[in-house]
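Q: Below: sequence and its predicted model.
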Amino acid sequence: MHVAHFGHSCVLVELHGKKVLFDPGAFSHGFEGLTGLDAIAVTHQHADHIDANRIEALVEANPGARLLSDPQTAGLQGGPWEAVHAGNVIELGDLRITGGGGRHAVIHPDLPVVDNTVFQLGSGENPTQFVHPGDSLWVPSTPVDVLALPAAAPWMKISEAVDYLRSVAPRLAFPIHYGILAEPAWGVYFSRFDEMRKEETEFQILRPENDTDF
């Protein structure tokens, strides 16, 4: 598995010969020139997960990409965007994409709760080799190899992020969704995750616009 992080929640995953880009939003940079994508997946409609000013050019540069999103975003975008509900399974060659979750975490009771699709990548034998939860703390029902961990959000306390990391207990986790933090504060959050993770979980930081193999 090859993973590149473009800041905040935007992640490129290469697995089983396919390239999937997640959440190219307003707080992310460096994804604009990507080509050869097999899928673009958007967890939900908020601007930090899909940038209205750049998504059209990205789609035009990747005419062969499947466009996958939560149901509400698919309705808003229209055209070729496909709604992915919890339980939906999409086969891209040897890569299996499974939808999970369904709803965004509650920001405040007075604010409407939007759709949020958790995307799980893997195979028929191991459907959760990689999990991108978007803005949710939904726990998959099968063991997770690599988890993109929401690190900071208006809808979440750090204690909730730690508990989520422990509940999923992946082999490896790396932080996403920290575009709202000033860089000097990153260590405050990241050190807690590393200190409080379960022993079987490795915690690794991917700097924005860097990549690695897992």
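A: Structure received.
Q: Could you measure from the residue most central in space within the chain over to residue 63?
A: Centroid-nearest residue in the chain, with Cα atoms, centre = their mean: residue 132, separated by 3.2 Å. Separation of residue 132 from residue 63 (Cβ to Cβ, to the nearest Å): 23 Å. Backbone N, C-alpha and C define where each C-beta goes, glycine included.
Q: Quick check: the residue nearest to the centre of the chain touching residue 11?
A: Yes - assessed by Cβ atoms under 8 Å, residue 132 is found in contact with residue 11 at 6.4 Å.
Q: Between those two, which contacts overlap?
A: 22-23, 148, 176 (Cβ atoms under 8 Å, 6 or more residues apart in numbering).
Q: Looking at those, which one is closest to residue 182?
A: Top of the list for closeness to residue 182, among those and by Cβ to Cβ, is residue 176 at 16.7 Å.
Q: burial measure for the closest one, as a count.
A: 25 (other Cβ atoms under 10 Å).
Q: Quick one, grab the pLDDT at it.
A: Residue 176 is assigned a pLDDT of 97 by the prediction.
Q: residues contacting it?
A: 5, 8-9, 11, 132, 148-151.
Q: so which of these comes closest to residue 30?
A: For these, the nearest to residue 30 is residue 5 (9.1 Å; Cβ to Cβ).
Q: What about the closest one, how many residues nearby?
A: Neighbourhood size, residue 5 [other Cβ under 10 Å]: 23.
Q: So which of the shared contacts of residue 132 and residue 11 wins on neighbours?
A: Using other Cβ under 10 Å as the neighbour criterion, residue 23 leads these with 30 neighbours.
Q: can you pull the contacts of the residue nearest to the centre of the chain?
A: Applying Cβ under 8 Å, 6+ apart to residue 132 gives the contacts 9, 11, 13, 22-23, 41, 43, 118-119, 148, 176.
Q: Check these against residue 186 and report the nearest one.
A: Of all the contacts of residue 132, residue 186 sits closest to residue 176, with 12.2 Å by Cβ to Cβ.
Q: could you pull out the strands for the chain?
A: With strands called from DSSP state E, the chain shows them at 2-5, 11-15, 18-22, 39-42, 66-69, 82-83, 89-92, 95-103, 115-122, 130-132, 146-150, 172-176, 202-203, 210-213.
Q: Out of those, flag the one nearest residue 76.
A: strand 66-69 (8.8 Å).
Q: For the residue lying closest to residue 205 once chain neighbours are set aside, give me its contacts.
A: Of all residues not flanking residue 205 in the chain, residue 190 sits nearest, at 5.8 Å (Cβ to Cβ, 6 or more residues apart in numbering). Listed by Cβ under 8 Å, 6+ apart, the contact set of residue 190 reads 151, 175, 203, 205.
Q: Kindly recompute the last result at 10 Å.
A: For residue 190, the contacting residues are 149, 151, 174-175, 178, 181, 203-205, by Cβ atoms under 10 Å, 6 or more residues apart in numbering.
Q: And these, which of them are buried?
A: Buried subset of the contacts of residue 190 (neighbour count, 16 or more other Cβ atoms under 10 Å): 149, 151, 174-175, 178, 181, 203.
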